[in-house]
Each structure stands twice: as C-alpha cells, then as structure tokens.
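Participant: Following is a predicted model, sequence given first.
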Amino acid sequence: MSIEIMRIFIFIINLFFSFSLFAKQIDVCSSCDVKSLKIAIELAKSGDNILLKKGLYNESNIVITKSLTITGENDPIIDGGGLTYIFQVKADSVTISGLNLQNVQTSYSQDLAAIHISRSKYFIISNNTFTNIFFAILVEKSNHGEIFNNTISSSGTHEHNTGNGIHLWHCNNVVVHGNNIKGMRDGIYFEFVSKSKVYNNHSEKNLRYGLHFMFSNENEYYDNTFTNNGAGVAVMFSKYVKIYGNKFDKNWGTASYGLLLKEIYDAEIIDNLFIENTIGINAEGCTRINYKNNTFKGNGWAVKIAGACYLNKFSKNNFISNAFNLSYSGRMNENEFNSNFWDDYSGYDLDKDGIGDVAYRPVKLFSYIVNKTPETIVLLRSLFVDIINFSEKVSPVFTPDDLLDNTPLMKQIK
C-alpha cells in the first residue's frame, strides 16, 4: 500500500471515529423537547442523528446543508402540504430512511420532488414510502449514492402532469435497488448517468416507461421486473450497457415494447425474459450488441430490427409462441443469428447432435407485409398466410437472402 493511500485510509478512519465519538441524537415528537424536524436540523451539527418518532408532521422545504442521518421510527408521516419540495439535500453524507412522505404538488415550471438532492456525495435514501407526489426522488449532479427499498406510488393519468419515481441527471456511481415503483410517468429515469447499477427493482403500471435512460454509459441493469407499463424500458444514445436477468412482462399497446433500443453501441443483453409484450425488442441504429440466452415467449413480435443495425449477434435465444419471431427492415443483413431455438422450425436432425441439418429462415414474408400494411394483421391465422410464407421460404424475394440461422437448435434452452 502506497504512503498516499495509507494517509487517506487513516484520515477516513479518524473522521469516522470523530463523528462517532461526538455525534448526538436528537429526538423529534409531539411530546419531545424538539417538536419540529426543521428545528432539529437547525440544532444539529454535522454527523448527528435525528430520530423522527411516530406521528404526523406538516412540514415542507426542509433544507439540509450538513451531514446528517434522519431516521423514522414506526413510520412517521411528513405531509408536504402540496406546496413545494419536502426535502432539499445540499450536503454530503446525508441519510434519509424510514419516512412516509406525501403530498407534493404538480408543477409545470419546476420538477418538485419529495426528496431533491443536488451536488451531493455519499447519500443514502432507503426504506421510505412516497405517496401522492409529483417526483419522488430527484438527484442532480451527485455521485456515490444509494437508493434502495423505497416504495413509490402515484395515481397519475397523463404524462404531462405526472413526474418520475427515481430521476437521476448528471450523476455517476449511484446504486438503485430493491425499489417498488408504480403509477409514475417513468419508474426510473437516467440522463447523463455513468458507472451506476439498477437491480432488483419492480416497476409496474407506469404511464410511459418502467425504466428510461439516455446518454448514459457504462451502466448495468439486472434482475429487475418491468410489467404492464406504457412501454417496458427505453435505452437511447448510450454505450457499454449491460442488461441481464430482467423480466419484461405484459407491456402492451399500439406502440409498446419490452425493450426499445435506439443508437446503442457495444452492449450485452443476456438472460432476460420477454413475455407477452407487443414487441419484445425494438432496435434501431444499434451496433455490436450481443443478444444471448434470452427467452421470447408469447410476444406479438419477438424482435424488430428497424434499420441501421450492424454487427449484432443473436445466439442461444429461445423463440416460443410469438406471432412473429423477427421483423426486418430492408434487404441487407449484417447481423448474425446462430444456434437459437425456434419453435416453428420444421427441419430435421439426422445425426442427432441437437442441431438442425437445414438452416432456418426467421423472417416471414407476412411479417414484411404487416410492416408495410398493419391492417393485414387480421389475416395472421389464415391459410393464405401459410402459403405466402412457404413460397418466400423456398425462393426469397422480399426478405434478406442471407438472413439465416445455419445451426438452429432442436430443443429449447433451459
């Protein structure tokens, strides 16, 4: 260990012990000496703990400019009165935990939030409940934070007057996990966020997206569930993204999808479930993406390649009971499809090696027709469709001639 690192380590240890030796606890309740959270914050010094006991507190615009830990006991309620922010955090090392925060009004000029964090480091927001709020947690230009085990809900009916559950802007090294989010505009929103992780969250019935991120590089999203949202997840203008172990479920609508990819580069999409979405994955302008070990089941379209997608690889994915396994725009193909399981594969395996002896053509002519004329979808189960698909399979005219899975698997991948 270098001398410089040793000095930093000793400084952190000394700082920790100085806080622990001199930190005090301030109790807040109706029968305590301190009855107001604002007054408790004024009395506190950096490093102190504030314990908010059970009760109803009508307070808003609580500004924190020192390092504090604010903890709720027995689920105390802070009612913002629908006026402005409830908390504004403008200091490092602030923890807010165990509170029930409610009533933050809709604003068309400000992104009012129950907790607004600005230019902070080492913050923790955990185990809180948010109800009837515009934005729940809004974080700007802050780093090295953790947001976990919060329950966020609202009853928004229109995107223009509903805020986001967890909203990060210009942040890095933030971990968001174990949160339940429902009824917001976007469950989780990232913009210009890097080197962060989103995992084990449940995002449901949000008006627009369960998760939405733009211009956000080197992030990981895993083991989340996105169900019954306006659309599941939108990933735009980002690179070096890892998306794995997620469930995209029942995201239905005329323009809905499990996962929207737009201008994404050098990403990994692995071990995800896409179940009963209008479109499992919709990709446009995406390059060098590895799609592996995903399962697409019961979707309208499993995968739609809209255009300008190059050098992508699809391998060891399951395609089961989808109306269309693959939709492709254009007649050129620069992507690879190898060793996937296609439930409608009608080939044979004479050498019993588990790999079909005849290549599989995943793009059907009828899929091409529906893209051009959506109304023709009513013919989906007709004999006419079977005939035109067979004719295109025998002699491709409209679909890419070289778009083949030359090693289709005979059995579903577990």
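Facilitator: Received the coordinates, thanks. Please read all numbers here as calculations on a predicted model, not as lab measurements. Residues are numbered from 1 along each chain as shown.
Participant: give me the low-pLDDT residue ranges for the stretch 201-350 of the chain?
Facilitator: Of all residues in the stretch 201-350 of the chain, those with pLDDT under 70 make up the ranges 255, 330-332.
Participant: Tell me which stretches of it form helices.
Facilitator: Counting by DSSP state H, counting those that start in this stretch, the stretch 201-350 of the chain has no helices at all.
Participant: For the closest residue to residue 94 other than its chain neighbours, give its distance to residue 73.
Facilitator: Once flanking residues are discounted, residue 94 sits nearest to residue 123: 5.1 Å by CB to CB, 6 or more residues apart in numbering. Placement of C-beta: from N, CA and C, glycine included. Residue 123 sits 21 Å away from residue 73, going by CB to CB, to the nearest Å.
Participant: quick one: contacts for the residue nearest to residue 94?
Facilitator: Neighbouring residues of residue 123 by CB atoms under 8 Å, 6 or more residues apart in numbering: 89, 92, 93, 94, 95, 117, 139, 142, 145, 146.
Participant: okay, now the fifth one: neighbour count?
Facilitator: The reference is to residue 95. The tally of other residues near residue 95 (other CB atoms under 10 Å) stands at 18.
Participant: For it, list each beta-bridge partner.
Facilitator: Beta bridges link residue 95 to residue 69, residue 124, judged by DSSP bridges.
Participant: one step back: which of the contacts of residue 123 lies closest to residue 252?
Facilitator: Residue 252 lies nearest to residue 139 out of those, by CB to CB, at 30.9 Å.
Participant: What count of nearby residues applies to residue 25?
Facilitator: Close neighbours of residue 25, defined as other CB under 10 Å, add up to 11.
Participant: Please apply the same query to the one 3 residues further on.
Facilitator: Here the count is done by other CB under 10 Å, and residue 28 has 24 residues near it.
Participant: how near is it to residue 73?
Facilitator: Distance check for residue 28 against residue 73: by CB to CB, it reads 10 Å.
Participant: joint contacts of those two?
Facilitator: 51, 52, 53.
Participant: I'd like these written out as a markdown table, with pLDDT, secondary structure and distance to residue 294 added.
Facilitator: As requested, those are exported to a markdown table (pLDDT from 0 to 100; DSSP: H, G, I helix; E, B strand; the rest coil; distance: CB to CB, whole Å):
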| residue | pLDDT | secondary structure | distance to residue 294 |
| --- | --- | --- | --- |
| 51 | 98 | strand | 47 |
| 52 | 98 | strand | 45 |
| 53 | 97 | coil | 48 |
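Participant: out of these, who has the most neighbours?
Facilitator: Those, ranked by neighbours (other CB under 10 Å): first place residue 52, 24 neighbours.
Participant: so what's it bridging to?
Facilitator: Beta-bridge partners of residue 52, as defined by DSSP bridges: residue 28, residue 72.
Participant: ok, it - contacts?
Facilitator: Contacts of residue 52 (CB under 8 Å, 6+ apart): 28, 29, 37, 70, 71, 72, 73, 76, 78, 99.
Participant: 10 Å - rerun?
Facilitator: By CB atoms under 10 Å, 6 or more residues apart in numbering, the contact list for residue 52 reads 26-29, 32, 37, 40, 70-74, 76-78, 96, 98-99.
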